[in-house]
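Trainee: Whatever this is, show me its structure:
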Amino acid sequence: MTKPYTIVNMIARAVFNCQFDLDRICLEFPSSTVGYDPESFPGLIYRTKEPKYTSLIFKSGKMICPGDKSEEEAKKHVNRVIQDLKKYNIPLDENPQVDTVNIVASGKLPYEVDFEKIPYALTKVIYEPQMFPGIIHDIDDPKVTVLIFSNSKIVIAGAKKETDLDRAFEKLCQELKSKNIFVIPPIST
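Mentor: Presented below is the predicted three-dimensional model:
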């Protein structure tokens with residue numbers, strides 16, 4: 001069954017039980033794969049070509065891996081960086097704590113919405129049309145933020161698991177349906 005949304009970005013975090021010597025990583029790795037300027041950013045930017053990944057590695061032992069499209073891809077991303085660090089004999093804890101920090105997905109609601117009713121019908125809503133063309137709606141469980149646009153397109157941000165996206169989408173549809181926000185087209189005869 002196809003999902004009513006597509007994951008556009010997933011950010012994973014790996015926490016190693018060690019500190020990284022970023023200067024050493026810069027010396028060991030080819031300059032085309034690393035960038036490090038501690039005066040402008042405290043982390044080392046590590047890029048791979050195949051598959052194409054970008055990671056941020058910090059002295060504290062934390063690594064941020066943005067740009068993945070699934071939890072499985074995020075795990076592969078982290079494992080790839082671990083293998084690359086090991087190949088250059090960079091000391092590290094081989095079993096980092098890995099979790100998802102943020103998942104962003106975009107999709108479309110199953111029906112058109114009566115957009116002007118939404119700010120009055122739902123709670124935890126911000127709508128400032130002069131500042132932003134969409135409605136910002138916070139959902140508590142799962143804790144996500146949903147952007148709703150007049151063309152019934154949505155963006156869900158802040159999910160920690162892919163299942164949170166399913167729950168948020170279902171909850172939003174239930175809220176909109178219960179408040180008569182959906183404009184359901186008549187059945188043609």
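Trainee: doesn't N79 fall inside a helix?
Mentor: Yes: assessed with DSSP: H, G, I helix; E, B strand; the rest coil, N79 lies in a helix.
Trainee: what's the burial count for it?
Mentor: Residues within reach of N79, counting by other Cβ atoms under 10 Å, total 12. Bear in mind the C-beta positions are built from the backbone N, C-alpha and C, glycine included.
Trainee: what's in contact with the lowest-mean-pLDDT helix or strand in the chain?
Mentor: Using mean pLDDT, DSSP states H and E, strand 182-183 stands out as the lowest-scoring helix or strand of the chain, at a mean of 86. For strand 182-183, contacts defined as Cβ atoms under 8 Å, 6 or more residues apart in numbering pick out L109, P110, Y111, E112, V113, D114, L176.
Trainee: Let's see the PyMOL selection covering just the buried ones among the residues you listed.
Mentor: Typed into PyMOL, the line below selects the buried ones among those, using 16 or more other Cβ atoms under 10 Å:
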select buried, resi 109+113+176
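Trainee: now for the contacts of strand 182-183, which pair is the farthest apart?
Mentor: P110 and D114 (14.3 Å; Cβ to Cβ).
Trainee: what's the spacing between the residue lying closest to K117 once chain neighbours are set aside and V155?
Mentor: Take K117 and drop its neighbours on the chain: the residue closest to it by Cβ to Cβ, 6 or more residues apart in numbering is I181, 5.5 Å away. As judged by Cβ to Cβ, to the nearest Å, I181 and V155 stand 17 Å apart.
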